[in-house]
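Trainee: just to be clear, the model below is a prediction. Sequence and coordinates:
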Amino acid sequence: MASTSKPNPLEEDDDAEEEVQHFDDFTLASSWERFISDIEATCRQWLADGPRNLVEKGAVAVEDLKNLFKVKNDLRSVTRSYCMEFYFEIDDNGSQQVGFGDWNSGSHDLQLCFGVKDFLLIAPQSASGVLLDAPESSKLLSAVAIALSNCASLWPAFVPVHDPSRKAYIGIQNMGTVFTKRFEADFIGSQVPAKLMHLQGLYELFVSKFVYSGVDFSIHNFKVHCLMRLKYQTFTSDEEDEESDMDEFMGDKADTAEHNGSESRNKVNWDDDCPWSEWYSAEDPLRGFGLEATWADRTVENTLEMAELEIASPHEAEKWILRPILSPYLGEPSHGKRIDFASQLLCLVEALDASFIAQFMDDFVSVENPSSESLKTSAVIPPPTVLDRVIKDLFHEGYKLPDFTKGEHRLSRALKAAPLESLFTQFCFHSMWFGNCNIRAIAFLWVEFVREVRWCWEESQPLPKMPIDGSIDLSTCLINQKLHLLAICIEKKCEMNEVFLDCIGSEDGSEDSDPMEEHHKADKRITTSSEEDLLRKRDSSIAEDTSDRLRLERNTESTNSVNKSPTDVIRRGSAGPVGTMMLLKSHQRLHAPFTQDPPLMTEDMHEERLQAVEAFGDSLNVPGQLEKDILLSDMSAFKAANPDAVFEDFIRWHSPGDWESSELETTEASGSISEDSKDKWPPRGRLSQRMSDQGNLWRKNWNDAPALPADDQKPLLDPNREGEKILHYLETLRPHQLLEQMVCTAFRGSADTLNQTNFGDMRQMTSKLEQLYLIIKSTLGVLQRNKVPDIEQTVKDLRRLCLVFEQVEKLVTIAASLHRKFLEAPRLAQVIFSDFYSTYDPIMGINSNDEENKSRREMEVGRQEVSLRERQVVSSLFSPPSTDQSLIKVLSMGNLLNGHEPVHREIIFSTGDDVNNGIHYAAAADVAATSDRRREEIETHRMYVSGTSNDLRVALSVTSCD
């Protein structure tokens, strides 16, 4: 049963009085206590969240440092505001890293100085970000230490002090025991004492922190743990000198380009033997190398051992790390600031865009043409001396026929352009560096180029860099086809002139000569032609295995000419008998004649014939007329070689399919020689139906054809007429048609030049070049049409193609540079390039417009460990400094590498004490379990020293029981 007694009023008053006595009145707390409470609350929140949740809540990654994040919170005291930042590390899986990582990896400055991992940094929100007042900094650090102790956190806390340029800090860390670790760091920016430049002085500085000041270091030994890392760097040119050189280089592109192979170019460049060095010198994408030589933890007992360590060779270090220093241009587009193929191709594209405003190339250079006035201000034409050098290089540097397959990729022929070493490609290359590759400069050079070509034609001089025989390659551009045909016409013209002069000379001295003797001389001259000419006719009955037999029979006939019949004596232009074939009307062997080559035609000539057929049909019969001329020439030559031949004999040789032979004839045509076959004459067979029809044109032509050998016939190709037509085409070529072919040829020539680069076994580069050819083919396809459908869109596509070409060109240069520098260490070249390629390739092509390109960042390459057998190769990269370079550093820090002193030195001194030698160590086991160096020692003193001969930074941490 529940109690129903009334409450006692006296008891209620006592309870109320007790509650009032235990009430915590925070309004009585000081402002500094409230500030400590705010710090504590923030730290408790960060501890509760943990690293993974902090990242999910928006922790910011520290720039350029791997796996290091930070969160911050603003705090306010009575006097000023502060910003407290918490730095913490996590691994790739999101868990916190265990232990302090290798100091070769990227670490925060405070992590390097004091050997900590996670830490707090609290600084005032002011312009300087430091505390200039020493009492205030100590009070702030004490407040943070109290807050961390209240929340049982072992995070070290740091406060920046003094001037910002000194990078000075003070800090404190609760070790969770009776131990407390205090930190202090400072920086000397100038006037470093000479003693502290050497390892002996630094050793004594560290020892002085834990021994009495009166101790003589030279007679006492103090065991100290020492780690050392030295950084070396190859010499690089000053940035201001590079900029001035580039400005001078850009000031006169044409003159510089023309001097690239002359005596005026005395400086030896890294790419002098690279395929592009004939046209420009590329900036070395590897500006230098940084080397880190690390000595592992060792115990030093006196200054003599430190002196020995100072003179030790870097080759004695346990670990070498190589870091390439890339040129900043690799991470940003050129925008015309550099000279390379990509930049000049872009200028050529701009010239194409401007070429549509005029009808002829002369209009751009004529002073009377108003369209050229607007171009005069920006379009510069180089002086005549530059033009003379270009023309001399194109036409007067020898007539040795180049290798037209040089540098050719398997996809090169898919591009309708001239071969790399051809005359037109060389003209395009010179145009890209003539002036600033503007339309006026190109027009000026083209006019002079055509004049020089006409001079070669009129003076019957061979056209340089062009073959004088062979068939016209219709897969090349039309201008290259025309120049090839013109070179052949010049050669034919020279041959005709020689024959004419021989005839004039023979008329004066051979009036009384025997006609039969002259015939023998001519026949002998014909029979000395190559074996390929003997077998070049279309007759399928002439087998290749009869060539030796033909030679033997000709030699036999020439030695037994006395026994020749009258018919054999008057044969002219015979290439030899055809197997065992016999003439139908006489018991004579059937001979194959020498015939004229069919006339060569360029692509536009083929198109004209097809258009004529489509327009006029059979009424004009233009193709039929050409075929008729060829047929008549063959018939005349056959009649001269076989005087007793009939129409059926010609069909059996020229068109075997139109002769229906018996089995015996088939056996004879197969070339099987036997006595029986010689007796079985005449051959049996008949003409086909189409050749037997009444009024057949072939028979009519046979009746009209005279018996003339090929040498006495009118040439099927009239070199004079065709040569003049070609020159007329070149002189009246429309500007946009010229520029379209120049763009195609320049892109192929540039790609073929890069394809000649030797970059070793870098498969990424081979694949990237193949992709480049495919992109060029797809982009330039529109220029191969008779009319560009959309000029504006085409120019935009070509500009984007120039950007793609620029990226590939950068890859080629860095691959070539790595290959040259690491010929004896190919593994290093491949891993460095692979690292660069994995970073560079994803951004290729995505920044295609100017605004996106502005955001490009400087490219970086990861550091690579150097094996023992590769150290000599890496050491050779550090060439001994010159006298001037050696005088820059008056004082040396030792540890020279080929005369190079370290550009930066880092040393960590430390010493420890046994945690079990005193009962006052309350948590000795816990401390030993978490100790990084020894499980039985605690690090009592640690000093981090870094700097050069001009500056010095010292960071000291001391563990004490107080």
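Mentor: Structure's in. What do you need?

Trainee: list the buried residues in the longest strand that the chain contains.
Mentor: Criterion DSSP state E: the longest strand present in the chain is strand 286-300. Using 16 or more other CB atoms under 10 Å as the burial criterion, the residues of strand 286-300 that qualify are 286, 287, 288, 289, 290, 291, 292, 293, 294, 295, 300. Every C-beta, even on glycine, is put in place using the N, C-alpha and C of the backbone.

Trainee: for that strand, packing partners?
Mentor: With contacts taken as 3 or more CB pairs under 8 Å, 6 or more residues apart in numbering; DSSP states H and E, strand 286-300 sits against strand 224-233, helix 303-310, strand 319-326, helix 791-821.

Trainee: ok, now which ones touch residue 441?
Mentor: The contact partners of residue 441, by CB atoms under 8 Å, 6 or more residues apart in numbering, come to 379, 380, 381, 382, 431, 434, 435.

Trainee: how near is it to residue 829?
Mentor: The gap separating residue 441 from residue 829 is 40 Å, by CB to CB, to the nearest Å.

Trainee: closest one to residue 357 among the helices and strands packed on strand 286-300?
Mentor: With CB to CB as the measure, helix 791-821 is the member of the helices and strands packed on strand 286-300 nearest residue 357 (11.4 Å).

Trainee: list the buried residues of that closest one.
Mentor: 794, 797-799, 801-821.

Trainee: same question, stretch 179-192
Mentor: For stretch 179-192, by 16+ other CB under 10 Å, it's 179, 180, 181, 182, 183, 184, 185, 186, 187, 192.

Trainee: contacts for that stretch next, please.
Mentor: 113-114, 156, 158, 162, 165-175, 921, 927, 938, 944, 947, 949-962.

Trainee: neighbour-wise, give me the winner out of the contacts of residue 441.
Mentor: Most neighbours among the contacts of residue 441, by other CB atoms under 10 Å: residue 431, with 26 neighbours.

Trainee: residue nearest the centroid of the chain?
Mentor: In the chain, the residue lying closest to the centroid (CA atoms, centre = their mean) is residue 812, at 1.9 Å.

Trainee: the strands in the stretch 451-600 of the chain, which residues?
Mentor: With DSSP state E, counting those that start in this stretch as the criterion, the stretch 451-600 of the chain has strands at 574-582, 589-593.

Trainee: which neighbouring elements make contact with the helix or strand encompassing residue 701?
Mentor: Residue 701 belongs to helix 697-704 when elements are defined using DSSP states H and E. When contacts are defined as 3+ CB pairs under 8 Å, 6+ apart, helix 697-704 sits against helix 622-641, helix 647-654.

Trainee: now for residue 221, how many residues are close by?
Mentor: Neighbours of residue 221 using other CB under 10 Å come to 12.

Trainee: for the stretch 601-750 of the chain, which segments count as strands?
Mentor: For the stretch 601-750 of the chain, applying DSSP E, counting those that start in this stretch gives strands covering 659-661, 685-687.

Trainee: ok now the first one, how far from the chain's centre?
Mentor: Here strand 659-661 shows a centroid-to-chain-centroid distance of 63 Å under the convention CA atoms, centre = their mean, to the nearest Å.

Trainee: ok, back up a step: now the residue nearest to the centre of the chain: closest residue in space, sequence neighbours ignored.
Mentor: Nearest residue to residue 812 in three dimensions, chain neighbours excluded: residue 754, at 4.9 Å (CB to CB, 6 or more residues apart in numbering).

Trainee: among the contacts of residue 441, which lie within helices?
Mentor: Among these, the residues falling in helices (DSSP state H) are residue 431.

Trainee: before we move on, back to that, assign the residue nearest to residue 812 to helix, strand or coil.
Mentor: helix (DSSP: H, G, I helix; E, B strand; the rest coil).

Trainee: low-confidence stretches in the stretch 451-600 of the chain?
Mentor: Flagging of the stretch 451-600 of the chain using pLDDT under 70 yields the residue ranges 499-569.

Trainee: equivalent analysis for the stretch 51-200 of the chain, please.
Mentor: Where the stretch 51-200 of the chain drops to pLDDT under 70, the residues are 91-106.

Trainee: let's see 80
Mentor: Applying pLDDT under 80 to the stretch 51-200 of the chain picks out residues 64-66, 78-79, 91-106, 127-129, 131-133, 176-177, 189-191.

Trainee: identify, from the buried residues of strand 286-300, the entry nearest to residue 733.
Mentor: Residue 733 has its nearest neighbour among the buried residues of strand 286-300 in residue 286, at 44.0 Å by CB to CB.

Trainee: and the gap between the closest one and residue 236?
Mentor: Distance, residue 286 to residue 236, by CB to CB: 10 Å.

Trainee: which intervals of the stretch 251-400 of the chain have sub-threshold pLDDT?
Mentor: Along the stretch 251-400 of the chain, the model assigns pLDDT under 80 to residues 251-268, 331-338, 366-380, 397-400.

Trainee: ok, now with 70
Mentor: 251-267, 333-337, 367-379, 398-399.

Trainee: buried among the contacts of stretch 179-192? Need that as a selection in PyMOL.
Mentor: If you want just the buried ones from the contacts of stretch 179-192 in PyMOL, going by 16+ other CB under 10 Å, the selection is:
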select buried, resi 113+114+156+158+162+166+167+168+169+170+171+172+173+174+175+921+927+938+944+947+949+952+953+954+955+956+957+958+959
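
Trainee: and the contacts of stretch 179-192, which of them are in strands?
Mentor: Per DSSP E, those map to strands at 158, 168-174, 938, 944, 947, 952-961.

Trainee: my read is that the residue nearest to the centre of the chain contacts residue 762, right?
Mentor: No - Residue 812 is beyond contact range of residue 762, at 9.9 Å (criterion: CB atoms under 8 Å).

Trainee: now do the helix holding residue 701: distance to the chain's middle.
Mentor: The answer for helix 697-704 is 63 Å, by CA atoms, centre = their mean.

Trainee: okay, that helix in PDB with CA atoms only?
Mentor: Extracted C-alpha coordinates of helix 697-704, given in PDB (Å, rounded to 0.1, in the frame of the first residue of the first chain):
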ATOM      1  CA  LEU A 697      39.600  -1.700-135.800                       C
ATOM      2  CA  TRP A 698      42.600  -3.800-134.700                       C
ATOM      3  CA  ARG A 699      43.100  -5.200-138.200                       C
ATOM      4  CA  LYS A 700      42.600  -1.700-139.700                       C
ATOM      5  CA  ASN A 701      45.200  -0.300-137.400                       C
ATOM      6  CA  TRP A 702      47.500  -3.200-138.400                       C
ATOM      7  CA  ASN A 703      47.200  -2.300-142.000                       C
ATOM      8  CA  ASP A 704      47.900   1.400-141.300                       C
END
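
Trainee: show residues contacting that helix.
Mentor: 628, 631, 632, 635, 647, 650, 651, 691.

Trainee: give me that answer again for 6 Å
Mentor: Contacts of helix 697-704 with the rest of the structure, by CB atoms under 6 Å, 6 or more residues apart in numbering, involve 631, 632, 635, 647.
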